[in-house]
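# Next come a sequence and a model predicted from it.
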Amino acid sequence: MKIGTDITVVSRIEKSIQKFGDKFIDRFLNIDEKERAKRVESIAGYWAAKEAVAKALGCGIGAELSFHDIVIYKDKKNAPHFRLIPKAQKYHKIKESSLSISHDGGFAIAVVVIIQ
């Protein structure tokens, strides 16, 4: 079992959106994620979630795993989950996983548990 966590200051994400607009958002969210994450708190939560996944996998975001290799989605009960795109699945085998995202008090936090 592996665990990853990340905490993000929402105002930092907000400033990046104000400065760079869609260019910043497109750097780490796919089209479906952009449709779901309308509020800056949600966008910050997605950032934290993808960072937490990379930490749990032990590689971080970089050459081995990009933001776009991780897809955040929600189930029928609106609970967050993630999956890796097929290219990334070749290098990172995941049997089970869990994702929790929360935001409050100007922070967004995500925790990921992975069983490989």
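Nice, thanks for sending it over. Numbering: from 1, shown residues only.
# Mind jotting down where the strands sit in the chain?
For the chain, the strands defined by DSSP state E occupy 2-9, 70-74, 80-84, 96-104, 107-115.
# Tabulate these in JSON lines, adding columns for mean neighbour count, distance to W47 and mean pLDDT.
(Glycine included, C-beta is placed from N, CA and C.) Formatted as JSON lines, those follow (neighbours: other CB atoms under 10 Å; distance: least, CB to CB, whole Å; pLDDT from 0 to 100):
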{"stretch": "strand 2-9", "mean neighbour count": "17", "distance to W47": "5", "mean pLDDT": "98"}
{"stretch": "strand 70-74", "mean neighbour count": "19", "distance to W47": "10", "mean pLDDT": "97"}
{"stretch": "strand 80-84", "mean neighbour count": "18", "distance to W47": "13", "mean pLDDT": "97"}
{"stretch": "strand 96-104", "mean neighbour count": "16", "distance to W47": "10", "mean pLDDT": "97"}
{"stretch": "strand 107-115", "mean neighbour count": "20", "distance to W47": "7", "mean pLDDT": "98"}
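# Quick one, which of the ones you listed gets closest to E41.
Smallest distance to E41 across these (CB to CB): 4.3 Å, for strand 96-104.
# Show the contacting residues for R83.
Neighbour list for R83: 70-71, 73 [criterion: CB atoms under 8 Å, 6 or more residues apart in numbering].
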